[in-house]
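*Asks:* here is the input, now give the coordinates:
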Amino acid sequence: MAMIMVPFHPAAQSGAMPGARFFGNAFAALLKGADQAVQAIFHAAPVVREPQTAGELIEWAQAYEKSQPSYAADLRAAARAVQMRDDAASAGAR
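*Replies:* The predicted structure follows:
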């Protein structure tokens, strides 16, 4: 295997290229600022959770009725199933 020597520019070794350092630092600052902006967006976004009760399922169904009626129908069916389950559980507890 042959060894290849790559000469470096003497100005780069002596630090006589301040423009490169300036642009490198500016680019690093830009990336840091972009990362902070993305983090701020994700931390500010509301946390959407899935519905836990039959009432919440009905609310979601009403919200989706105009744009996705078949999904709204599925949500209403799920709400009925939850209500039936809760009614059966409360009747069994008596």
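
*Asks:* spatially nearest residue to Val82, not counting backbone neighbours?
*Replies:* Closest residue to Val82 apart from its sequence neighbours, by Cβ to Cβ, 6 or more residues apart in numbering: Ala54 at 4.3 Å. Every residue, glycine included, has its C-beta placed from N, CA and C.

*Asks:* contacts only, for that neighbour.
*Replies:* Counting by Cβ atoms under 8 Å, 6 or more residues apart in numbering, Ala54 touches Ala79, Arg80, Val82, Gln83, Asp86.

*Asks:* now the first one, nearest residue through space, not along the chain?
*Replies:* Read it as Ala79. Of all residues not flanking Ala79 in the chain, Leu57 sits nearest, at 3.7 Å (Cβ to Cβ, 6+ apart).

*Asks:* isn't the one you found up against Ala81?
*Replies:* No - at 9.2 Å, Leu57 does not count as touching Ala81 under the criterion of Cβ atoms under 8 Å.

*Asks:* so which of those two has more stuff around it?
*Replies:* A count of neighbours by other Cβ atoms under 10 Å puts Leu57 above the other of Leu57 and Ala81, at 23 against 12.

*Asks:* for that one, which residues are in contact?
*Replies:* Contact analysis of Leu57 by Cβ under 8 Å, 6+ apart lists Pro51, Leu75, Arg76, Ala78, Ala79, Val82.

*Asks:* element containing the last one, please.
*Replies:* Translated: Val82. Counting by DSSP states H and E, the element that carries Val82 is helix 69-92.

*Asks:* tell me which residues are up against that helix.
*Replies:* Pro51, Thr53, Ala54, Gly55, Leu57, Ile58, Trp60, Ala61, Gln62, Tyr64, Glu65.

*Asks:* now, the residues you listed that are in helices?
*Replies:* When DSSP state H defines the helices, the subset of those inside them is Ala54, Gly55, Leu57, Ile58, Trp60, Ala61, Gln62, Tyr64.
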